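> Sequence first, predicted model second:
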Amino acid sequence: MPDLSNSIATHYHQRTKYDPQTIASKNKGLDWSKQPIPFKTYKIGKSYDLTPYLSEKLPDVPEALQWRRLSRLFGCSYGLTAKIPTMGTPVYLRAAPSAGGLYPAEVYLISRGTPLLPAGLYNYQPQSHSLLHFWDNQVWENLQQACVGHEVLENSELALVTTAIFYRSSWRYEDRAYRRICLDTGHLLGNVELACA
C-alpha cells in the first residue's frame, strides 16, 4: 500500500526508480510478437506532401515559402533521419531522440482555415513526410476551450499539438514508460522550438 502522505509524483518516482532489485525482476525479455507499430496510419483523408518543399530551389512566392516553413518545421522536429536495415522490420530514426527508438509521440496540426490548409485536423506522417487531413470539422473552438481561451490562439491560424501512444513505450519500459514519454515529448518540443526560431 502506498504511503498516501507523499504526493502521487513521489510515489510514482519511488515505485519506478531503478535499483539492482527492480532491474533483476524486470529482466524477462521483450515479447517481439507484440512490438508496437512505429507509425500511426489513417485510412481516410487527404495527404499534403511536404517533401518537394525541402529543396532550396523553390519559386520565390509566398505560398512556396510558407510550405517550406511547414516542411522544415516537421522535418527538423520529428522527421525521419535514417532507416537502419535489420533482419526483421527496419528501424527508423527521427530528428528527435527517443528512449529505445520507440517514438511514442504523435504530432498534429490544427488549422483554423488558411489559404494553404483548410480548417481541420492534420496528422504528421513522418514515413512519407506529409500532413494527412483526416478531420474536416472545425476543431479550433475545441482547441480554444481546451486551452481555456488562451489569448495566443486569438490571432493564430495554426497550432501544433502533440499526443503520445503509451503502448509504444510501455511495451518495453512498463511502468517507467511515463518517464520516457515525458522525456521524448520534451525532446520533440525542443526541436519544434529550434525549428521555429
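Received, thanks.

> show me where pLDDT drops low in this protein?
Within the chain, the stretches falling below the threshold (pLDDT under 70) are 1-5, 24, 26-27.

> any chance you could map the helices in it?
Secondary structure of the chain by DSSP state H: the helices cover 8-16, 20-26, 62-78, 140-146, 166-173, 177-196.

> quick one, which of those is nearest to residue 121?
Closest to residue 121 of these is helix 140-146 (C-beta to C-beta; 9.4 Å). Using the backbone N, CA and C atoms, a C-beta is placed for each residue, glycine as well.

> How about the closest one, which residues are buried there?
140, 143, 144 (16 or more other C-beta atoms under 10 Å).

> ok, residue 102 - how many residues close by?
Using other C-beta atoms under 10 Å, residue 102 is surrounded by 22 other residues.

> For residue 75, see how far away it is.
Distance, residue 102 to residue 75, using C-beta to C-beta, to the nearest Å: 20 Å.

> Repeat that for residue 41.
19 Å.

> likewise residue 123?
Distance, residue 123 to residue 75, using C-beta to C-beta: 15 Å.

> what's the answer for residue 99, then?
Using C-beta to C-beta, one gets 22 Å for the distance from residue 99 to residue 75.

> next one: residue 45
Distance, residue 45 to residue 75, by C-beta to C-beta: 20 Å.

> out of those two, which sits in the more crowded spot?
Higher neighbour count among residue 45 and residue 75: residue 75, with 21 against 17, using other C-beta under 10 Å.

> Quick one: residues contacting the more buried one.
50, 54, 95, 129 (C-beta atoms under 8 Å, 6 or more residues apart in numbering).

> burial count for the nearest residue to residue 98 once chain neighbours are set aside?
Closest residue to residue 98 apart from its sequence neighbours, by C-beta to C-beta, 6 or more residues apart in numbering: residue 184 at 4.8 Å. Residue 184: 25 surrounding residues under other C-beta under 10 Å.

> buried stuff in stretch 153-160?
Of the residues in stretch 153-160, 153, 158, 159, 160 count as buried by neighbour count, 16+ other C-beta under 10 Å.

> Same check on stretch 53-61?
residue 53.

> and it, how far from the chain's centre?
A distance of 26 Å separates the centroid of the chain from that of stretch 53-61, by C-alpha atoms, centre = their mean, to the nearest Å.

> CA-only coordinates of it in PDB, if you can.
Extracted in PDB, the C-alpha atoms of stretch 53-61 (Å, rounded to 0.1, in the frame of the first residue of the first chain):
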ATOM      1  CA  TYR A  53       9.400  21.900 -50.100                       C
ATOM      2  CA  LEU A  54      12.700  20.600 -48.600                       C
ATOM      3  CA  SER A  55      14.500  21.800 -51.700                       C
ATOM      4  CA  GLU A  56      16.500  25.100 -51.600                       C
ATOM      5  CA  LYS A  57      15.300  25.800 -55.200                       C
ATOM      6  CA  LEU A  58      11.800  26.900 -54.800                       C
ATOM      7  CA  PRO A  59      10.000  29.800 -56.500                       C
ATOM      8  CA  ASP A  60      10.200  33.000 -54.500                       C
ATOM      9  CA  VAL A  61       6.500  33.200 -54.000                       C
END
